[in-house]
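Trainee: Need a 3D model of the sequence below.
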Amino acid sequence: MEEIKKFKNIVIGAGPAGRLGSFELGKLGEETLLIEKKYIAGTCLNEGCMVVCALTDISRFIKSFKRYNEIGFINGNISLDYKSACDNIKKTQLMLRRLNQEENESVNNNVIYGEASVEISDDDKIIVKVKLDNDNALQRENVKNNDCNVYEAENLLIATGARPFIPNIDGAKYALTSSDVLSLEEVPSKLNIVGGGIIATELSNLFSSFGSEVKIIARSEILKDLEPEIKSYVVNKLIDEVDIHENTNVLEITENSILTDKGEFEGKTLIATGRVPNSEIVADIVELNEDGSIKVNEFFQTSNPNIYAAGDVTGGITLTPYARKEGISAARNMAGYLNKFDDIIVPQSLTLDLDVSFTQKTESSDDDSNVEDVIIPGLGGPHAFWRILRGETGLTKISLNTETEEIVRASQISPSSIDDTAYLAFLMNMGITKEDFDDFLEVHPSTDAYYKILKIM
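Mentor: As a prediction, the model looks like this:
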């Protein structure tokens, strides 16, 4: 019989929710084992936002170089070695994974790599079995002693995240996903991106700037969560080289083409149609929602009170900062520091040649008949000065409740919009009003136009 090692807390999944949850447990002095199947730091670092950010740095450099060429004060040509860029991203990822592991180990957590399974014993104990991955570069030598380790957990946190959703389309096996971006040997000459959300739009921007002939094929319309003026700016000025096909259904995908109800297009296909939760690990143990995500209460407990879940595997808002917050909250509850997770106003972003960021109160919280909109062009500050000549400095829109003088919605396209919108969302959560901005003194120079609107309204 295999030896069973007991841990007070086991966390499965080392993405934003699991990594921060286990770190919080360690800070609280709780004995914790963190298990990761493949890469610590999850989708964000290894396949998602950090990859997009790294490639966007290159994309912005290329676009800035072309802009300066067109204006006439820089001359020359540049070319992209895509494989070299991806190889250097991978080197950087390994460095960051090491740092993330060392951070967790600094609070006396145990970190191991392998595929986990969960079962409930006859006497209602939580049993976790791990098929160790001894080929993982970060697996500690003292762990490499068994092919399979067996653990008993007093509390278990499932933070296994989500994976790309593959729709039921003939030939979908020929399509790429966002997980394949760093595995490409070269930039495709033609690329058809299926989907209309943030991931599809970000990838369309990247590959079009790298030289691909890119088409977006959306079943309905793209970027449905954006304000109309913001979407228009994105489509007409930020991804204007992308050929967009809305209200278009995909019929079949082949190795080098895609067939739709609007015609056939040549090129590789990349599917970016959302994500599906990795809940299979406890699908027969705890209750799931209709979409397959794990159902949790306000304390992140599942239908088994000693099994918790947090992050993308629970559905809802699938954003890295939100997953971190959920993981920390779940960890505190596991440690006996009960706290409820309150709904908050959440800032979101779209990483393009200019960052696009937006936030809003809940839809039912304001009557639009009392809402006043103000829109102004973006400011020509840092990283935007050389856009003035072409009238492409961005756009800012704020919607204000004229009765309460509280901000209802805010959107900004600017080099600083990510930071600006994050802080504005924080202030909105505090109930700030227009008058509170009377004494606001901005740092200059800046491309933040929020304060300017709120001072003139």
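
Trainee: what's the pLDDT at the closest residue to residue 166 other than its chain neighbours?
Mentor: Distance criterion C-beta to C-beta, 6 or more residues apart in numbering; nearest residue to residue 166, sequence neighbours excluded, is residue 172 at 5.3 Å. Backbone N, C-alpha and C define where each C-beta goes, glycine included. We note a pLDDT of 97 for residue 172 in this prediction.

Trainee: For residue 172, give its distance to residue 250.
Mentor: Counting by C-beta to C-beta, to the nearest Å, the separation of residue 172 from residue 250 is 9 Å.

Trainee: just residue 368 next, same as before
Mentor: Computed as C-beta to C-beta, the residue 368 to residue 250 distance reads 35 Å.

Trainee: tell me the domain ranges of the protein?
Mentor: Following automatic domain parsing, one gets these domains for the chain: 4-45+87-163+276-334, 166-271, 348-456.

Trainee: ok, and which of the ones you listed has the densest surroundings?
Mentor: Greatest average neighbour count among those goes to domain 4-45+87-163+276-334 (a mean of 20), per mean count of other C-beta atoms under 10 Å.

Trainee: Straight-line length of it, end to end?
Mentor: Chord length of domain 4-45+87-163+276-334, first to last residue, is 21 Å (C-alpha to C-alpha, to the nearest Å).

Trainee: How far does it sit from its chain's centre?
Mentor: Taking the mean of its C-alpha atoms, domain 4-45+87-163+276-334 sits 18 Å from the chain's own mean (C-alpha atoms, centre = their mean, to the nearest Å).

Trainee: likewise stretch 419-436?
Mentor: 22 Å.

Trainee: same question for that stretch, mean pLDDT?
Mentor: pLDDT averaged over stretch 419-436 gives 94.

Trainee: Make residue 1 into 427 and carry on from there
Mentor: Let's use 427 as the start, then, which means that last one is stretch 845-862.

Trainee: I'd assumed residue 784 was in contact with residue 774.
Mentor: Yes: between residue 774 and residue 784 there is a contact under C-beta atoms under 8 Å: 5.8 Å.

Trainee: Overlap in contacts, the two.
Mentor: Common neighbours of residue 774 and residue 784, using C-beta atoms under 8 Å, 6 or more residues apart in numbering, are residue 651.

Trainee: What are the boundaries of the strands in the stretch 627-776 of the chain?
Mentor: Along the stretch 627-776 of the chain, counting by DSSP state E, counting those that start in this stretch, strands occupy 639-643, 669-671, 676-680, 683-686, 689-692, 694-697, 701-703, 733-735, 774-776.

Trainee: Redo those strands as TSV? Include distance to residue 508 and mean pLDDT.
Mentor: Listed next are these as TSV, based on distance: least, C-beta to C-beta, whole Å; pLDDT from 0 to 100:
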stretch	distance to residue 508	mean pLDDT
strand 639-643	15	98
strand 669-671	21	98
strand 676-680	23	98
strand 683-686	22	98
strand 689-692	20	98
strand 694-697	14	98
strand 701-703	25	97
strand 733-735	38	98
strand 774-776	22	97
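
Trainee: What's the separation between the residue nearest to residue 592 and residue 446?
Mentor: 34 Å.

Trainee: ditto for residue 841
Mentor: Distance, residue 841 to residue 446, by C-beta to C-beta: 28 Å.

Trainee: for residue 488, same thing?
Mentor: For residue 488, the distance to residue 446 (C-beta to C-beta) stands at 34 Å.

Trainee: thinking again about what came up before, do you know how far the residue nearest to residue 592 is from residue 755?
Mentor: 36 Å.

Trainee: Please apply the same query to residue 548.
Mentor: Using C-beta to C-beta, we find residue 548 at a distance of 32 Å from residue 755.

Trainee: Please apply the same query to residue 681.
Mentor: 45 Å.

Trainee: Which stretches in the stretch 727-876 of the chain count as helices?
Mentor: With DSSP state H, counting those that start in this stretch as the criterion, the stretch 727-876 of the chain has helices at 746-760, 843-855, 876-882.

Trainee: Tell me the helices and strands packed up against the last one.
Mentor: On a contact count with 3 or more C-beta pairs under 8 Å, 6 or more residues apart in numbering; DSSP states H and E, helix 876-882 meets strand 797-803, strand 821-827, strand 833-840, helix 843-855.

Trainee: mind checking which of the ones you listed is nearest residue 592?
Mentor: Nearest of the helices and strands packed on helix 876-882 to residue 592, taken as C-beta to C-beta: helix 843-855 at 29.9 Å.

Trainee: which residues are in contact with that closest one?
Mentor: 770-773, 775, 780-785, 787, 820, 832-833, 836-838, 840, 862, 873-874, 876.
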